[in-house]
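J.: Have a look at this prediction, sequence included:
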Amino acid sequence: MDFVLTEEQQMFQKLFRDFATKEVAKVADQVDKKEEFPAKLIKRAAGQGFLGAFAPEEPYGGAGLDFTTYTLLVEAMAAECASTALTLHVHNVLALRTLVKHGTEEAKETYVPDMVMGDRIGAFALTESGAGSDPTKLRTVACREGDQYVLTGSKTWVSNAGAAGVYIIFAATDPTVGAKGISAFVVPAEADGVVLGGREKTLGLRGAQINRLYLKGARVPASNLLGGEGAGYKIALETLDYGRVGISAAAVGVGRKAVELATRFATERSQFGTAIANKQAIQMYLADAYTQVQAAQWLVRHAAWLADRGQSFSQEAAMAKLFAGRMAGDVTNKMLQVHGGAGFIADYPIERYYRDARAMELVEGTSQMQQLVIAGGLLGPLGVKVKP
Ligand SMILES: Cc1cc2nc3c(=O)[nH]c(=O)nc-3n(C[C@H](O)[C@H](O)[C@H](O)COP(=O)(O)OP(=O)(O)OC[C@H]3O[C@@H](n4cnc5c(N)ncnc54)[C@H](O)[C@@H]3O)c2cc1C
């Protein structure tokens, strides 16, 4: 494995970081305080090609990024605004990539160009009130009627809902066979019967719009089915492998910036006649935190590298997510401590990083679900079936 990014990846990393520090940083605080979806910023990001990460250049005008380069995008955005990173990530990996990989030609022609341009933000609706860690218990159903499917049910925790122009929605086409009866559909926001529910009041990621969604007999053409009837669960699992690596990259961005903020603060704040940066306890905190961030980064790089080589990476994605999710919580907590009381007030950005980091252990599978995947990989070959 090469530990150095290619020249092209380094060029993209610079582009992403420049955009993040010039454009994202200036709205991040307001996005959080006003709990405002950054619509104009997302449109500017589309102008840079950041909403077409996984669409090929031909025929869709996408950026056609490799997965390693994509993780650099999410990391750079999350370092300034984790809400913006989540928005771009859900759009690119959970919605756009899923459609490009599994959609019919008709569905791709209809939605992908608009998604790349940022005219249709993507969302992904798997979770329901009774189906979180166990998505086999979906109660949303899809029935075939002629050359259409009719979807009925309700979804919770739909990131980008409301702002979205297109949803990837999972529903049971055969509720009697559990996971094998789940199918995935691409559903335009304007379809009759797609009804936006209330927005969640969240601890962090307050600029990400997360709503409930109701499907009241929403009709879509049969060509909006992804991968065939019953393929939905497999599509969800495959998508979540990529999704987990992306969230881990966001956790790295949050952790890296938290260390930078605390390092700077430690040189500016004096107590006992000297900058607190001169105190060994503070130096140890910074050293431990930076080491944790770097370790998480290598787990992300390794998982992305495997993905780019077409190798299996489910276990590596789970390990990256488990470690990086915990790292983000622990590192932001330590870096808040370096700030003392200043870390507890909204005048300093570290409290936002601390709140945002908490989601990293929850979104796209909790830490406990990652542990099950990892344990399954260890024990499975020895004949022990790891069950949730
Ligand atoms: C910020 C954010 C954004 C999200 N965005 C989306 C989105 O865009 N689309 C979407 O579909 N979903 C989204 N989700 C939902 C997310 O995927 C779920 O919250 C997650 O899968 C956990 O489900 P749950 O909240 O129902 O928790 P539950 O499944 O109810 O779990 C509760 C607790 O029990 C533990 N637990 C459950 N089963 C087991 C077991 N077998 N062994 C050990 N422990 C167990 C869990 O780890 C957790 O600690 C989002 C969530 C968050 C926080």
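T.: Looks like it arrived, so ask away.
J.: Quick one: residues contacting the residue of the stretch 101-250 of the chain found nearest the ligand.
T.: As assessed by CB to the nearest ligand atom, the ligand sits closest to residue 132 within the stretch 101-250 of the chain, at 1.7 Å. Heads up, the C-betas are built off the backbone N, CA and C, glycines and all. Each residue near residue 132 by CB atoms under 8 Å, 6 or more residues apart in numbering is listed here: residue 157.
J.: what does residue 374 give?
T.: Residue 374 neighbours (CB under 8 Å, 6+ apart): 315, 318, 319, 322.
J.: Equivalent analysis for residue 353, please.
T.: Counted by CB under 8 Å, 6+ apart, residue 353 has contacts 82, 254, 257, 258, 261, 332, 335.
J.: Give me the phi and psi angles of residue 63.
T.: With angles defined as degrees, to the nearest 10, residue 63 sits at phi -90, psi -20.
J.: ok so, going back, got the contacts of residue 353 as a markdown table, with secondary structure, pLDDT and distance to the ligand columns?
T.: Below are the contacts of residue 353 laid out as a markdown table (DSSP: H, G, I helix; E, B strand; the rest coil; pLDDT from 0 to 100; distance: CB to the nearest ligand atom, whole Å):
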| residue | secondary structure | pLDDT | distance to the ligand |
| --- | --- | --- | --- |
| 82 | helix | 98 | 10 |
| 254 | helix | 99 | 13 |
| 257 | helix | 98 | 19 |
| 258 | helix | 99 | 18 |
| 261 | helix | 98 | 22 |
| 332 | helix | 98 | 15 |
| 335 | helix | 98 | 21 |
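J.: Just the buried ones from the residues you listed?
T.: 82, 254, 257, 258, 261, 332, 335 (16 or more other CB atoms under 10 Å).
J.: how close does the residue of the stretch 101-250 of the chain closest to the ligand sit to residue 24?
T.: Distance of residue 132 to residue 24, computed by CB to CB, to the nearest Å: 30 Å.
J.: do residue 152 as well
T.: Distance from residue 152 to residue 24, by CB to CB: 38 Å.
J.: Of these two, give the one with the bigger neighbour count.
T.: residue 24 (26 against 16; other CB atoms under 10 Å).
J.: name the element residue 346 belongs to?
T.: Residue 346 belongs to no helix or strand when elements are defined using DSSP states H and E.
J.: contacting residues for residue 171?
T.: 138, 140, 141, 142, 151, 153, 182, 183, 185, 215, 232.
J.: and of the residues you listed, the nearest to residue 122?
T.: residue 185 (13.2 Å; CB to CB).
J.: What are the neighbouring residues in contact with the closest one?
T.: 142, 149, 151, 168, 169, 170, 171, 220, 224, 225, 226.
J.: so what's residue 207 up against?
T.: Contacts of residue 207 by CB under 8 Å, 6+ apart are 28, 31, 32, 35, 36, 37, 38, 81, 83, 84, 87.
J.: The same query, at a cut-off of 7 Å, please.
T.: Applying CB atoms under 7 Å, 6 or more residues apart in numbering to residue 207 gives the contacts 31, 32, 35, 36, 37, 38, 81, 83, 84.
J.: Give me the secondary structure label for it.
T.: At residue 207 the chain is in coil, as set by DSSP: H, G, I helix; E, B strand; the rest coil.
J.: Next one: it from residue 35, what distance?
T.: In this structure, residue 207 and residue 35 are 7 Å apart, going by CB to CB.
J.: quick one: buried residues of the helix or strand residue 264 falls within?
T.: Element membership for residue 264, per DSSP H and E: helix 232-268. Buried residues in helix 232-268, counted by 16+ other CB under 10 Å: 232-236, 238-259, 261-263, 265-266.
J.: gap between the spatially most distant residue from the centre of the chain and residue 279?
T.: Distance from the C-alpha centroid of the chain peaks at residue 273, with 44.1 Å (CA atoms, centre = their mean). Going from residue 273 to residue 279 by CB to CB gives 11 Å.
J.: Next: residue 39.
T.: 44 Å.
J.: And what about residue 119, helix, strand or coil?
T.: coil.
J.: what about the closest residue to it other than its chain neighbours, how many neighbours?
T.: Nearest non-adjacent residue to residue 119, counting by CB to CB, 6 or more residues apart in numbering: residue 165, 6.6 Å away. The local packing of residue 165 (other CB under 10 Å) involves 19 other residues.
J.: Which positions in the stretch 251-388 of the chain make contact with the ligand?
T.: When proximity is defined as CB under 6 Å from any ligand atom, the stretch 251-388 of the chain approaches the ligand at 359, 362, 363, 364, 365, 366, 368, 369, 388.
J.: 5 Å instead?
T.: The stretch 251-388 of the chain has residues 359, 362, 363, 366, 368, 388 near the ligand, with proximity defined as CB under 5 Å from any ligand atom.
J.: Selecting buried members of those residues in PyMOL, what would you type?
T.: Only the buried entries of these go into this PyMOL selection, using 16+ other CB under 10 Å:
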select buried, resi 359+363+366
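J.: re earlier: export the contacts of residue 374 to a markdown table and append columns for secondary structure and neighbour count.
T.: Listed next are the contacts of residue 374 as a markdown table, based on DSSP: H, G, I helix; E, B strand; the rest coil; neighbours: other CB atoms under 10 Å:
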| residue | secondary structure | neighbour count |
| --- | --- | --- |
| 315 | helix | 18 |
| 318 | helix | 27 |
| 319 | helix | 21 |
| 322 | helix | 23 |
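J.: of all the residues you listed, which two lie farthest apart?
T.: Most distant of the contacts of residue 374, by CB to CB, are 315 and 322, 10.4 Å apart.
J.: which residues sit in contact with residue 337?
T.: So residue 337 contacts 285, 343 (CB under 7 Å, 6+ apart).
J.: does it sit in a helix or strand, and which one?
T.: Element membership of residue 337 [criterion: DSSP H and E] is helix 314-338.
J.: Give me the distance between the helix or strand just after that helix and the centre of its chain.
T.: Per DSSP H and E, the first helix or strand lying C-terminal to helix 314-338 is helix 350-357. Distance, stretch centre to chain centre, for helix 350-357: 16 Å (CA atoms, centre = their mean, to the nearest Å).
J.: now helix 350-357 against helix 232-268, angle please.
T.: 160 degrees (axes from the mean of the first three to the mean of the last three CA atoms, to 10 degrees).
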